[in-house]
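# 3D, please:
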Amino acid sequence: MNLYGKHLICTQDWSLEELDAALELAMRMKKHRYSERYADVLRYRTFFMFFYNPSVRTRQSFEAAATELGGHAQFLEPKSMRLKTATTAGETVEDAARVMSRYAAGIGIRMLEDKVTRYGEGDELLREYAKWATVPIVSMAHDRFHPCQGLADMMGIKEHLGENVKRKKILITWGHGALARSLCSVQEAMLISSRYGMDVTVAHPEGYDLDPEVMDWTKKNCEENGAKFELTHDAHAGYDGAHVVYSRNWMSPKAYRDGVLQKQEEIDKALKLTDWICDGERMAKTENALFTHPMPIDRGREVTDEVASGPRSIIYDVAENRLHVQKAVMALTMGQL
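So this is what the prediction gives:
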């Protein structure tokens, strides 16, 4: 399968066969992490990383991935690059994308909640870069999607539940917390789990609706796979029969006003909904479910320590898998395999 030059902005943009290719290569790369076979895949090649927002795992994992493939990941902060934004003058996306394509083998962009003036603006920016770039554009998390996290989630689930996860149930539930988080990781979890035929239950309080288009895609994915899709606004519902529980906070559709994220308002509102927490009592209703989370975790609010650090938690396996799936994506789209 030839994925050379292909953008990765959302897993829904890739066929199931293409996702399989990335996951299978990631599994091999994890098993043979320092094999000479992969040591020169990105030899002499550079991956540009645009960080509108800071990170922990994302920068570390992409830099490590490029190094282990024999290449180099270059850290860039757009605020120091004279790039045109909604509020500042500078180089257009067309000019930046065309020039940087002459320098790098690929471009990653991370643009989250407080760096956009409205939901969807980050996704539009990445797709504008993809329009003009002649090298792959990879989302390193933006306001709508986080494809590398979605791939890492599915890799971890398959490692623990087996290759065939059809009709296994995943509960994706909102958790109260002191962070106004974007929807990207949750929405990728919905999309990729439904692509692989898992039964999907989404639970959240009234007023925390997710992207309607993503909801429709998830429902359609489930229908095509003969899987179930359920939505509930009950904090205790959804745990029964679950094989995977994914508890995470996300902001409401009213988070932006007059082009500004109302961060403290969102946090204050979320902190009042204390019943929305994943704890041992609720996990006991499941089918000995795995617990996962993209991190960072707001422990004691989204999930208790008992669960997050418990024997069925796969949070660190999934975090490690970010490295391996990103190596696979970079090798397939930018490298010489």
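# what about the helices in this structure?
16-31, 57-68, 93-103, 121-132, 147-161, 184-195, 212-224, 263-271, 280-283, 305-308, 315-334 (DSSP state H).
# Which one, of those, ends up nearest to residue 141?
Nearest of the helices of the chain to residue 141, taken as Cβ to Cβ: helix 184-195 at 5.5 Å. C-beta coordinates here come from the backbone N, C-alpha and C atoms, glycine included.
# Identify the residues contacting the residue nearest to residue 63 when sequence neighbours are not counted.
Distances taken as Cβ to Cβ, 6 or more residues apart in numbering put residue 73 closest to residue 63, at 4.4 Å, once the chain neighbours are dropped. Residue 73 is in contact with 46-47, 49, 62-63, 65-67, counting by Cβ atoms under 8 Å, 6 or more residues apart in numbering.
# give me the beta-bridge partners of residue 73?
residue 47 (DSSP bridges).
# where's it relative to residue 45, distance?
10 Å (Cβ to Cβ, to the nearest Å).
# And for residue 236?
In terms of Cβ to Cβ, residue 236 sits 50 Å off from residue 45.
# For those two, indicate the residue with more neighbours.
The neighbour comparison of residue 236 against residue 45 (other Cβ atoms under 10 Å) goes to residue 45, with 20 against 14.
# Contact partners for residue 56?
Counted by Cβ under 8 Å, 6+ apart, residue 56 has contacts 295-296.
# if we can go back for a sec, ok, which of the helices of the chain comes nearest residue 177?
helix 263-271 (6.0 Å).
# which of the residues in that closest one are buried?
Neighbour counts over helix 263-271 (16 or more other Cβ atoms under 10 Å) mark 266-267, 269-270 as buried.
# likewise stretch 160-167?
Buried residues in stretch 160-167, counted by 16+ other Cβ under 10 Å: 160-161, 165.
# just those residues now: which is nearest residue 124?
Using Cβ to Cβ, these come closest to residue 124 at residue 165, 32.3 Å.
# Enumerate every residue touching the closest one.
154, 157-158, 193, 196-198.
# Check residue 21 too.
1, 3, 332.
# among these, who's most crowded?
Highest neighbour count within the contacts of residue 21: residue 332, with 22 neighbours (other Cβ under 10 Å).
# Next one: the residue nearest to it when sequence neighbours are not counted from residue 328, what distance?
Nearest non-adjacent residue to residue 332, counting by Cβ to Cβ, 6+ apart: residue 3, 4.2 Å away. Residue 3 is 10 Å from residue 328, where distance means Cβ to Cβ.
# overlap in contacts of these two?
residue 22.
# residues near residue 337, how many?
Applying other Cβ under 10 Å, I find that residue 337 has 11 neighbouring residues.
# okay, it: pLDDT?
Listed pLDDT for residue 337 reads 73.
# residue contacts, the nearest residue to it once chain neighbours are set aside?
Leaving aside its sequence neighbours, residue 337 sits nearest to residue 331 (Cβ to Cβ, 6+ apart; 5.7 Å). Contacts for residue 331 (Cβ under 8 Å, 6+ apart) come out as 25, 29, 38, 41-42, 69, 337.
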